[in-house]
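Peer 1: give me a 3D structure for the following:
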Amino acid sequence: MKAIGYQQNLPVSNELSLQDIELEMPTATGRDVLVEVKAISVNPVDYKVRQGMSPAEGEWKVLGFDAAGIVKSVGENVSLFKPGDKVWYAGDITRSGSNSQFQLVDERIVGHMPNSLSFSEAAALPLTTITAWELLFDRLQVKKNDASKRILVIGAAGGVGSIMVQLLKQLTKLDVIATASRPETISWLEDLGADHIINHRNPLSEEFADKQLPEVDYVVSLNNTDQHLVDIEKVIKPQGKFSLIDDPEKLDIMPFKTKSVSIHWELMFTRSIFQTEDMQAQHDLLNDVAALIDAGRLKTTVGDHFGMINAENLRKAHQLLETQKAKGKIVLEGFKQANGF
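Peer 2: Coordinates of the predicted model:
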């Protein structure tokens with residue numbers, strides 16, 4: 001089967017950083033489903049792993065943590081899916097990824113794809129949706145019917161922020177303050193329903209003061225947390241909750257002690273890495289989100305379609321993500337069927 005992989009941690013400008021390769025077809029056993037991958041999307045975790053995680057000598061590392069496709073076969077213990085089902089999922093960071101024609105995935109982290117979306121539209125959503133949902137409802141434990149609370153989402157125009165703003169507006173009564181800095185990302189967030197938009201290129205506390213915004217109960221930081229940490233402490237309420245997903249070089253949480261602010265990490269791979277007892281919660285939430293999409297309450301967050309799934313296009317996608325200027329999600333779709341790539 002066709003796949004895209006790497007053997008060395010190289011800059012994305014180097015053609016060897018991601019290469020078109022051929023691998024053997026895997027076989028589904030146990031609780032695994034074998035999925036024929038139709039479309040994928042690319043996330044910051046892809047380039048972070050490419051830059052920092054080396055495969056064993058002589059082996060290929062295949063990335064890809066978002067996919068939509070069709071179940072081709074199932075393991076003997078699978079009960080949630082059958083061949084022919086259309087599915088979407090984010091996968092498992094400890095296993096081979098979706099940058100391949102076929103992929104094995106544990107059924108407990110796979111959902112039934114929304115009927116109203118194309119494969120590429122669906123592929124944009126799983127990782128970011130799981131991250132946003134778990135952060136809001138598992139980590140911060142946001143109460144959906146509480147209209148007295150306010151939330152600040154830093155870096156809201158990216159993949160996670162784009163679905164998080166929608167989940168907040170559709171499933172909660174929170175007042176949503178989102179950050180963006182360019183006309184196109186500001187317009188994007190307006191369309192998604194953010195109540196207030198501030199510029200994260202300026203000190204957040206100054207933006208709050210200029211717009212006469214009160215302190216917030218929740219802060220979600222999706223990127224550049226270390227740059228905003230001082231201002232986060234200023235704008236969060238006493239006894240507030242602060243959650244983050246990125247990888248700051250330093251994270252001094254001592255300034256939050258006086259306000260008794262709680263700190264919450266979110267990593268959507270935790271359940272699959274540790275095979276937690278509630279691992280199937282990801283299957284359930286993907287099905288819930290699919291129903292919301294088919295009901296017209298949520299929409300895909302595709303920002304760019306980069307064409308066919310191959311090494312050249314994936315390198316371009318990684319390159320854009322590394323600039324942190326992507327809007328929404330980057331998707332790729334289909335493999336070349338004849339004469340290689």
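Peer 1: low-confidence ranges in the stretch 1-150 of the chain?
Peer 2: Low-confidence regions of the stretch 1-150 of the chain, defined here as pLDDT under 70, do not occur.
Peer 1: how far away is residue 97 from residue 42?
Peer 2: As judged by CB to CB, to the nearest Å, residue 97 and residue 42 stand 11 Å apart. From N, CA and C alone the C-beta is placed, and that goes for glycine too.
Peer 1: pull the contacting residues for the spatially most central residue of the chain.
Peer 2: By CA atoms, centre = their mean, the mean C-alpha position of the chain lies nearest to residue 128, the distance being 2.5 Å. Each residue near residue 128 by CB atoms under 8 Å, 6 or more residues apart in numbering is listed here: 43, 159, 160, 162, 163, 164, 301, 329.
Peer 1: lowest pLDDT pick from the residues you listed?
Peer 2: Among the contacts of residue 128, residue 159 carries the lowest pLDDT, at 89.
Peer 1: so how far is the strand ranked longest in the chain off the chain centroid?
Peer 2: In the chain, taking DSSP state E as the definition, the longest strand is strand 32-42. Chain-centre distance of strand 32-42: 15 Å, with CA atoms, centre = their mean, to the nearest Å.
Peer 1: helices or strands up against it?
Peer 2: Counting contacts by 3 or more CB pairs under 8 Å, 6 or more residues apart in numbering; DSSP states H and E, strand 32-42 packs against strand 67-74, strand 86-89, strand 102-106, helix 119-123, helix 311-322, strand 329-333.
Peer 1: which residues in the stretch 151-300 of the chain form helices?
Peer 2: Remark: helices assigned in the stretch 151-300 of the chain by DSSP state H, counting those that start in this stretch are 159-171, 183-192, 204-210, 225-235, 270-273, 281-294.
Peer 1: out of the ones you listed, which one sits most buried?
Peer 2: When those are scored by mean count of other CB atoms under 10 Å, the highest mean neighbour count falls to helix 159-171 (a mean of 24).
Peer 1: residues in contact with it?
Peer 2: For helix 159-171, the surrounding residues in contact (CB under 8 Å, 6+ apart) are 41, 43, 124-125, 127-129, 131-133, 135-136, 144, 151, 153, 155-156, 174, 176, 178, 188-189, 192-194, 220, 222, 245, 292, 297-299, 301, 303, 326, 328-329.
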